[in-house]
Each structure stands twice: as structure tokens, then as C-alpha cells.
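S.K.: predicted model, plus sequence, below.
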Amino acid sequence: MFQHVLLTCQNKMQKERSISAVYYLLQGKQSIQTIQDAQLFRLTEYFGVYKNLTKRRFFMFVNKLVEQKLLQPSRNTNFYYITDKGKKRFAQSANNLAYLSGFRFRQFDQTFFCRLLLLIQVLTNSKKRNFTYIPIIENIDIENWVKIYYQHVKEDIDNYLNRLYDELTTILKQLPLNHPSIFLDQITSYHIVGLTETQTAKKLQMNEEDIHLITTNVIHLMLATIINQQQKYPYLYSIGKDLFSQIILTQSADRTRKLLEQQFTIEEIAQIRHLKINTIYDHVVEIALSDQNFSLIPYISEIDQQEIIQTIRRIKSYKLKDIKEAVNENISYFQIRLVLTQVNNFNSGSVIDGSKR
Amino acid sequence: MDQNDKDLHTYLRKVFKHDNFQEGQKEIITDILKGNDVLGILRTGSGKSLCYQLPAIMLPGVTIVVSPLISLMIDQVRQVKSYYYKEVVAIHSFQNKEERRRILSRLSYYKLIYVSPELLQQEEFIRKLQKTEVSLVVIDEAHCISQWGHDFRPDYLRLTNVIQGLGNPPILALTGTATPEVQQDIIISLDRQEMKRHIYPMDRENISLLLYRVNGSEDDKLNHLSSLISTYQQPTIVYFSSRKLTEKIASILSQRIQDKKIAYYHGGMENNDRLKIQQQFMNEQLDVICCTSAFGMGINKTNIRIVIHYHLPTQIESYIQEIGRAGRDGKESLSILLYKEGDIHVPLQIIENELPTNNEIAFVMNQLYLLYQKGKTIIPTSDDKLEEIFQLPIIKWRFLHYQFESHGMIKENMIQFDNKYWQEIFQKINRFCIIRRNLKYERLEELINWLKSKDCLRKELYKSFQHKVPKKDTQCCSNCGFSFEEWEKSLNPIKKEKINNLSWQHQLADLLLIGE
């Protein structure tokens, strides 16, 4: 599965990006380059699906693929090609991870999962009147959240757990055969401590990487289901309610967004915030990526936008440098990047709502 | 029983859910409550931390605990919070500024504050503490204060000044292992001649000390380990010297021995994974843990029956500490050290890698100079960057960073260059490393001599810590004679959990609807 995902990403990006770009994508690096890559190459579903992936682990996996002759390093360091054998293998395999929506849930999937894990431990223990145990999640924000939430539900824990059971059952039913167990093995309850991903993998003689992706797939299915049908899943929905409404920008970009709303120009914002103009450009691109209704008109005319779009179609490249060389020289890199944020939106329908392949 | 005694017992029962004090606890606590300075030497597993966790809730002000290991601190806080009381916190350098500020803003809310020695020297913290009533300062692992201790930490030497600045509150110095010289050193360094000494024997009568010499190859050693593990269905810890081998051998063992649940644990794992493994072991979901020395300090599992050392430790003190995790419930338990000719290279390697060499120090100082020349006076903080620039494991860099700071070569992470002075510093640090390294070689030598001893292993192991080491009547050690058959008779059979393959629907019901 991880192999399929890695090859998919590499396949889509191969001529234009080094293998590190795949790593950053999976790991969900908060840089404009990576976010834009996800959009450009239509890989948004994989963005940040493996947040704790280490470089070491990633490259060990890449080397394994090289050994199996599925990938081949090019002369250019860090660039790889998929071999014919790799292409064949790739065409035959499927990844069974139909619900991954990395970009859509990138900023709260982990929080939601951790809350759910800790909540189940807290509720099942207090159902059994056990109030001394060690919390399975060590994170002050999650712990505080559970503490407050617990106050609202503690009067009727039995009913709560029953309803949670019903909601989870309905959702897990939609998954491939062994995925629900893989997910449930990792849950800690009153009488049992959940397995780590490493242990789950060992138990089923699978890859640790695959276990991680399957788990993320379960979480993403859960999130998509409860957000779309919140009336049907009031209990699960309430665990993430406050998270779902956030507009998702890096803090710094968000400050820039507020200043833009107050009608400051980019130059003025750079001055006010003591930042380089290029940094503010990055912010604007980030804002454009996250907001489909963001208007480009203040930054680039309709005519120039069209020119960029035509050029991309003509030269069939998303490389900034190629595009820049082929358009009217008055058009800046910043303007090209802005248009690119929208090009992809036109192509794949709405990327932001994470609709499925 | 007088009133004070009654109070103590009430707290012990209500807060700590124990009926009786263990050896030494009551004596130490009583002296603390009288306002005396105390030196407490209690062996591992004897409930050292209760000696301050209990008085902390009785005393009017806060109790500060200086502890050298952040992971140990975090484990302790987690335990006190989960089981005893909430007014406890740790302050250390892994926290971000925001988090630390939040804690500092309400210092007097806490009864018990764990702090790492380097943070206790920060001005802001000291100023806050001066405005708070400090009832007691506890120096945990007090042997770190002594140059002769096995784990000397220079920043412990500065504690005396800090404590004076806090208006000289009473001190409790605690350690699990300290020879008479080290004890004396602690008292002198702290400048408290009147300290009440409470010194209890190190020896654990319920642990049989076994030395097993493997004649043959590494594979033979591994075979011996796996036969030990497959034979006994008892909670077991196996110590290794490196993370890599811990993982590797754990995986070999679990392939070979299908009916045992085996996991590994080391400091390089993610925090949540470590928590899970610890809890699984506590919860009897695991039979065997393969681990580095990172495992065990905060663990309060009383029925560990076997502690195996697959590699030689670097010194007797750490060996004593690690075997002390066996049999805290007082029942007959084993410590088994596997030893093969040539195994000495493992601890030797560790000692060599612990401190930077002459060349490494020179290289790092030169890199700092180049940074300074380029006008980059601020030193990066990310581990990756640091390793890249200085070509040095991060642990050595931290050591050097501390040395540079204490010589004023780095201030607030900015490079302060002075050619002549830097050369002096280089010599000083280099000399310091050589002395430390030689000391460590001597400690290793002691351990090796112990291995070779034909005499009672118990007597030889503890002889520098206590005058009299009573011989264990039966099952003492491999030199005095030991029989596995006899030992097995003392064991309670542990029931094997049967593995049932539930459907996921049943599994979910089992998790959420327990007992319905």
C-alpha cells in the first residue's frame, strides 16, 4: 500500500521533482512549494497522511524499491525513475485506501484521533469506577479538551458508549475486511492497552507503513462521514466540532490575510510586519490555495491570467521556470504561482472539498 | 503511636494507598518534617520518592526536586498526577517558553515541582522562587554532585549557591548508590555538616545473582537467551547496550518464541509508543521487554521476576540499579548476566563514544570560529543542523555546549570569540575529558574484576557500599550455588491469556461496552 502510494506520487511528479518532494508531501510539510505540488500534481489526498514519517524510514523504503528494481536513481542525485517492472507492478496493484483526504483534513485529523483515543480510555475507566490510570495520550491540549468534554458526558457514560459503539460500527462497516481490526487493535480501553503501529504490523506480518496508512484511511473515512452527515453521527461529530470550522492557514499567513482584508497593499504589509515582500507573496499564494473564492484580480489582470493558462497548455509543463520563459516578460513569478493555484482547481473540480477519485 | 505518627499514616493510607512504610521511609520523613537536612541512601525499588512526595503535601510551601533525567521527571510527574495528587509539575528544557511561562505564573499552586539542574540556575526561575515559600529542596540522584560518583554532573556543583539564594531551606539528598567517599563528598559539597544520615543496605536478599559465561560465539549467547526466555513464563526485562540491537534481538526472539509476547523499548521511540509499551507491560499484556537503560526508571511494576543483561554494563552502580527492578514485591527473583569472552568491547565502545575526543573538540571549536567569522554568531538549535555542522552525535554536542557556556565562550547561544582565551578553554575541556574517561575505565575495571571473582558474587558486588553483606542462605549466587528447579518451586504460575480471534464487531463491543 505504502509502496503503491509512493509510486503513485513518484509517477505523477517524476520528471519535475526530486524524490524528497514525495517525502515532504506525505509528511505534510507546511511550505508553499509542497502545498502547491499537492495541488498541481493532483496528489492532495496524500498530503500529510504520514506526519511522523522520518527521512530515514522513507529513504530506507526507497532503497528497497531500488533493490527490487522498481525504481531507478537517475544521474541527477535524488531524482528517480519508475522502471518498466515498476510500472507493471504499479498497474497491477491497488491501494485499498479510497478514503484518504490528506489535504482536506491535514490540520486536525491527528487531533481528532488523539481525542477519540483518550476519550475512550477515560470513559471506559470511569464506567468501571477506576479513576487512577495513566493517560495514553500525553498532550496538554488534548488532555484539557477531554477534561472539559468529560464534564458534559459523565452523567450518562453507559448511553454515551452505546451510541459511540453504534456510530463506529456503521462507519467501520464500509471498510475493507481487515481494516476495522487494524484500527481497533490500537485502541486503549479499561482492561486493555492498545498496540503501537509497530506491534500491529508485527502481529499481522505487514509493513508498519501500511498499518499507518490504513489507520489514517479509517480516520479520514470517519471524518468525511461525520462532517457530511452530522445529524446521523452526533456523538462522533461533537468530538471534533470545534476543529471542523477552522480556516486553515499558517499563523503568519493568517495575520497577512487579516491585513489584506483591511485593504493594506502587499508592500504596506511587508513594512508593517517587517517581513520581506517575497514572504508576503508566499502568504498570498497560501491564502489563494486555501480559499477558492479568493480573487486574483488585484494582483493580475484577467488577460494575463489567460495568457498563463494558455501557455501551460501549450508547453505542457508546470515548472515555474518554463512558464516564466514562455510568457510575456512583464508577468512575475508571483503572478504565475497565483494562477497555478487556480489552474488546478479548474482541472480537478473542487480540490478543497476532497472529493474522491 | 504519637500524633505525628498518626498523621503520617493517615496520609500514607489516604493518598498513597499503602498500609505500611517500607524500610527507612518513616525515619527519613520524620527528620524532614522536623526541619533537618537529610542524606538518604536507599536501594532502588525501596520507595525513595515517597520520602519527599509525602512530606511535600504536609509542608506549608513548595518542595523542589532537582532531578538529572528529564524522562525520569516526566514519568514521576505522570505517576503522582495519575495516582496521588494533582499539584505537581515538571519544568525542563523540552518545554517551550509558553508552557514554562504558564507554569511559572502559578508556582505557588504546586506542592511538588521537579526541575532539571540547568533550569534551576536560570535567573527568572530563581526570582520567581524567591517570592514563593520553599519548604524543602530535594536533590535526587545526589551522587551526581560528586566527582567520584559514577555519574558526575558539573551543573550539580552549582546547586549549593542556588539553594543559598533561596534562603537556605532544608535539603534532602537522595541516592540509590553511594560509597562512603561519595557520601562524604555530597555533604561537603552541599556544605551541610549536620546532615542526618540515613543509610540502608543496598543488598536485595530476594534477588539471586547469576553469572552465565557463554563459551562460543555471539549466536551461542543468543541461543542461551532464547532458551531462558522460552522456558520461564514470568515478567522479564532484558537490557541491551544499543537501540539497534534491542530492536534486532527483540525481533529475532519473537520469531523464535511464538508463545511469548515480546516488545522492545528505547529512548528513540515516539513518546506515545513508549507509553503504550510501559502500560502493556504493567497490564500483563507483555511477557518480555527488550530495552536499553532508558526503560525501568519510572516503572512501578512489582512482579518482575527476571532481569537479564545481554551486554555488560559500564559500571557496577548501573548494574545494581538495573537489577533492582526485579522482585520489588519481595519474592524470589533472578538477575542473570550473560557474558562472553571479548564482550568488554561493548562497554569500552560506549565509554569512548560518551565524551568527545581531542580531535572532535578541536573540530567543533574551529567550526564555531568559522561561523563567527562569517558573522553567524547565533548557533543553530535544530539537531539535524547541529549534527551537520559539527559532525558529532548530538549527545556530545550537548556536553560541549555546556562546557563552552560554563567557560563563557557561548552566551545565550551567541559565540563570544577571544583567540587566546579559546586556546586555554580547549586545553581545559580536553583535560577534563581525559580525566573523566580514565575514571570510567577504572569503573569498568571494577566490574570486570567482579566478573572474575571466585568468591560470593553478592559480597563482592556490594562490598564497597556496605560493611556487612549477609550471605543469602539459599540460592545466593552462581558462585555459592543456585538451582533453577528450586527457584521454579517458588513461582506462582502465571496464567496464559488465550488468544481469541474476535470479529471486529465483537472486538469493538469488548472495548466500548465492557461488561455488558
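M.R.: Thanks, I have the structure now.
S.K.: which stretches of the chain have low pLDDT?
M.R.: Reading this off chain A. Within chain A, the stretches with pLDDT under 70 are A:245-249, A:292, A:343-357.
S.K.: oops, wrong one, chain B.
M.R.: B:1, B:149-150, B:297-298, B:495-500, B:515-516.
S.K.: and the residue of it found nearest chain A, what does it touch?
M.R.: Closest to chain A within chain B is residue B:504: 3.8 Å, counting by Cβ to the nearest Cβ. Glycine gets a C-beta too; all of them are placed from N, C-alpha and C. By Cβ atoms under 8 Å, 6 or more residues apart in numbering or on different chains, the residues touching residue B:504 are A:172, A:180-181, A:184.
S.K.: phi, psi of it?
M.R.: Backbone torsions for residue B:504, taken as degrees, to the nearest 10, come to phi -60, psi -30.
S.K.: neighbours of the nearest residue to it once chain neighbours are set aside, how many?
M.R.: Counting by Cβ to Cβ, 6 or more residues apart in numbering or on different chains, the nearest residue to residue B:504 once its immediate chain neighbours are dropped is residue A:180, at 3.8 Å. Applying other Cβ atoms under 10 Å in any protein chain shown, we find 23 residues neighbouring residue A:180.
S.K.: got it, and residue B:164?
M.R.: Applying other Cβ under 10 Å, I find that residue B:164 has 10 neighbouring residues.
S.K.: picking up where we left off before, what about the residue nearest to residue B:504, is that helix, strand or coil?
M.R.: helix (DSSP: H, G, I helix; E, B strand; the rest coil).
S.K.: ok, it - contacts?
M.R.: A:172-173, A:218, B:504, B:507-508.
S.K.: reformat those into a markdown table and put distance to residue B:226 and secondary structure next to each item.
M.R.: Formatted as a markdown table, the contacts of residue A:180 follow (distance: Cβ to Cβ, whole Å; DSSP: H, G, I helix; E, B strand; the rest coil):
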| residue | distance to residue B:226 | secondary structure |
| --- | --- | --- |
| A:172 | 38 | helix |
| A:173 | 42 | coil |
| A:218 | 36 | helix |
| B:504 | 33 | helix |
| B:507 | 31 | helix |
| B:508 | 36 | helix |
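S.K.: drop anything exposed from the residues you listed.
M.R.: The neighbour count (16 or more other Cβ atoms under 10 Å in any protein chain shown) marks A:172, A:218, B:504, B:507-508 as buried among these.
S.K.: reformat those residues as CSV; add distance to residue B:361.
M.R.: Below are those laid out as CSV (distance: Cβ to Cβ, whole Å):
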residue, distance to residue B:361
A:172, 58
A:218, 51
B:504, 58
B:507, 56
B:508, 58
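S.K.: for the stretch 151-300 of chain A, which residues are neighbours of chain B?
M.R.: A:161-162, A:164-165, A:168-169, A:172, A:180-181, A:184-185, A:187-199, A:202 (Cβ under 8 Å from any Cβ of the partner chain).
S.K.: residue A:151: how many residues sit nearby?
M.R.: Neighbours around residue A:151, by other Cβ under 10 Å: 9.
S.K.: now the strands: where do they sit in the stretch 251-400 of chain B?
M.R.: In the stretch 251-400 of chain B, the segments counted as strands under DSSP state E, counting those that start in this stretch are B:262-265, B:288-291, B:306-309, B:333-340.
S.K.: just those strands: most buried one?
M.R.: Among the strands of the stretch 251-400 of chain B, strand B:288-291 has the highest mean neighbour count (mean count of other Cβ atoms under 10 Å in any protein chain shown), at a mean of 26.
S.K.: who touches that one?
M.R.: In contact with strand B:288-291 (Cβ under 8 Å, 6+ apart) are residues B:229, B:235-240, B:246-247, B:249-250, B:253, B:260-266, B:277, B:281, B:295.
S.K.: can we see that at 6 Å?
M.R.: B:229, B:236-238, B:246, B:249-250, B:260, B:262-265, B:281 (Cβ atoms under 6 Å, 6 or more residues apart in numbering or on different chains).
S.K.: ditto for stretch B:205-223
M.R.: By Cβ under 6 Å, 6+ apart, stretch B:205-223 touches B:224, B:326-327, B:330, B:332-340, B:457-458, B:472, B:475, B:477-478, B:482.
S.K.: do that again at 7 Å, thanks
M.R.: Here stretch B:205-223 makes contact (Cβ atoms under 7 Å, 6 or more residues apart in numbering or on different chains) with B:224, B:249, B:252, B:323, B:326-327, B:330-340, B:451, B:457-458, B:461, B:472, B:475-478, B:482.
S.K.: check which residues of that stretch are buried.
M.R.: Applying 16+ other Cβ under 10 Å to stretch B:205-223 flags B:206-212, B:214, B:221-222 as buried.
S.K.: how about stretch B:87-97?
M.R.: Applying a neighbour-count criterion of 16+ other Cβ under 10 Å, one finds B:87-92, B:95 buried in stretch B:87-97.
S.K.: pick out the residue of chain A closest to chain B.
M.R.: residue A:180 (3.8 Å).
S.K.: how much space separates that residue from residue B:85?
M.R.: 40 Å (Cβ to Cβ, to the nearest Å).
S.K.: could I get the contacting residues of residue A:94?
M.R.: residue A:4.
S.K.: give me the element it is part of.
M.R.: Under DSSP states H and E, no helix or strand contains residue A:94.
S.K.: which bits of the stretch 151-300 of chain B sit near chain A?
M.R.: Residues of the stretch 151-300 of chain B lying close to chain A by Cβ under 7 Å from any Cβ of the partner chain are B:254, B:263, B:270-273, B:275-277, B:279-280, B:283, B:285.
S.K.: could you rerun that using 6 Å?
M.R.: Residues of the stretch 151-300 of chain B lying near chain A by Cβ under 6 Å from any Cβ of the partner chain: B:271, B:273, B:276, B:279-280, B:283, B:285.
S.K.: ends of stretch B:469-488, what's the gap?
M.R.: Taking Cα to Cα, to the nearest Å, the span from the opening residue of stretch B:469-488 to its closing residue is 25 Å.
S.K.: list the contacts of that stretch.
M.R.: Taking Cβ under 6 Å, 6+ apart as the rule, stretch B:469-488 contacts B:203, B:205, B:208-211, B:456-459, B:462.
S.K.: same deal with stretch B:152-171?
M.R.: With contacts defined as Cβ under 6 Å, 6+ apart, stretch B:152-171 is touched by B:35, B:37, B:68, B:117-118, B:120-121, B:126, B:129, B:134, B:136-137, B:144-145, B:190-191.
S.K.: would you list the phi and psi of residue A:163?
M.R.: phi -70, psi -40.
S.K.: and it, how far is that from residue B:105?
M.R.: For residue A:163, the distance to residue B:105 - Cβ to Cβ - is 40 Å.
S.K.: so between these two, which is more surrounded?
M.R.: Applying other Cβ under 10 Å to residue A:163 and residue B:105 shows that residue A:163 carries more neighbours, namely 16 against 9.
S.K.: just give me the neighbour total for the residue lying closest to that one once chain neighbours are set aside.
M.R.: Leaving aside its chain neighbours, residue A:163 sits nearest to residue A:235 (4.8 Å; criterion: Cβ to Cβ, 6+ apart). For residue A:235, the neighbour count with other Cβ under 10 Å is 18.
S.K.: could you say what helices and strands the helix ranked longest in chain B packs with?
M.R.: Among the segments of chain B that qualify as a helix by DSSP state H, the longest is helix B:419-452. Contact analysis of helix B:419-452 by 3 or more Cβ pairs under 6 Å, 6 or more residues apart in numbering or on different chains; DSSP states H and E lists helix B:358-373 as its packing neighbours.
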